[in-house]
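# Predicted coordinates and the sequence they were generated for:
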Amino acid sequence: MELKPGDKVELLDDELSGIVQAVDNENVQIKTGDGFIMSFPAEQLVKIQDDIDQLDLEDFDFEEVIQEKKPDKKPKSSRAKSRDKKQPPMEVDLHVNQLIRSPRGMTNHELLNLQLDTARHKLEFAIRNRIQRIVFIHGVGEGVLKMELEYLLGRYPNIKFYDAVYQKYGLGATEVYILQNP
């Protein structure tokens, strides 16, 4: 699929969408709904269409989709639940250099908002997907991000948060435990 400027796209592994601004080699620059210009490899993006009438459904195999959606006949093992508790937590590195290529031209306030938006999106992803533990790596610094992160986490009723394991993360990480409803 060839992307061109003006196409609406979504990121495959995240809840991020935007409009293609430029395409160069393998990278595509998109402008998000928040007005940020971000660059992604083309294979991580999928073109979306607003109008159902524009979709080409003639060659679409609905039977294949129905077969994929049918539940397996085998009952699921109850052992998987006990294994979930021992799985390592999901890690989210909130360092700016891990979130964007270059912070050039962005104010400290904009960078902090980017980090907090990323934390909120990842936390809501974990809640939706019933991931029980998540570690936000924020670093030590002056403590502004940690304080803002704790304020954000305090607004969610079904979570507990605390400093992550010192031996692994030092003082620069916060672990979140999400209480799951049965």
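Good, I have the coordinates. Residues are numbered from 1 along each chain as shown.

# and the lengthiest strand in the chain, which residues are buried?
The residue-count maximum for a strand in the chain (DSSP state E) belongs to strand 17-24. Neighbour-count burial for strand 17-24, counted by 16 or more other C-beta atoms under 10 Å, picks out 18, 20, 23. All C-beta spots, glycine's among them, are computed from the backbone N, C-alpha and C.

# Residue 177: which of these is nearest?
Nearest to residue 177 among these is residue 18, at 32.8 Å by C-beta to C-beta.

# That closest one: what's it in contact with?
For residue 18, the contacting residues are 8-9, 30-33, 38, by C-beta atoms under 8 Å, 6 or more residues apart in numbering.

# By neighbour count, which of the residues you listed wins?
Neighbour counts for these, by other C-beta atoms under 10 Å, peak at residue 30, which reaches 25 neighbours.

# Just give the nearest non-adjacent residue to that one, would you?
With C-beta to C-beta, 6 or more residues apart in numbering as the criterion, residue 30 has its nearest non-adjacent residue at 3.6 Å, and that residue is residue 18.

# Next: residue 175.
Residue 175 sits nearest to residue 164 (C-beta to C-beta, 6+ apart), 4.1 Å away.

# residues of the lengthiest helix in the chain that come out buried?
Longest helix of the chain, by residue count under DSSP state H: helix 108-128. Buried residues in helix 108-128, counted by 16+ other C-beta under 10 Å: 112, 114-116, 118-119, 122-123, 125-127.

# so which of these comes closest to residue 140?
Distance to residue 140, by C-beta to C-beta, is smallest for residue 115 among the buried residues of helix 108-128, at 14.5 Å.

# Name all residues that make contact with that closest one.
Taking C-beta under 8 Å, 6+ apart as the test, what residue 115 contacts is 94, 96, 99, 138, 145.
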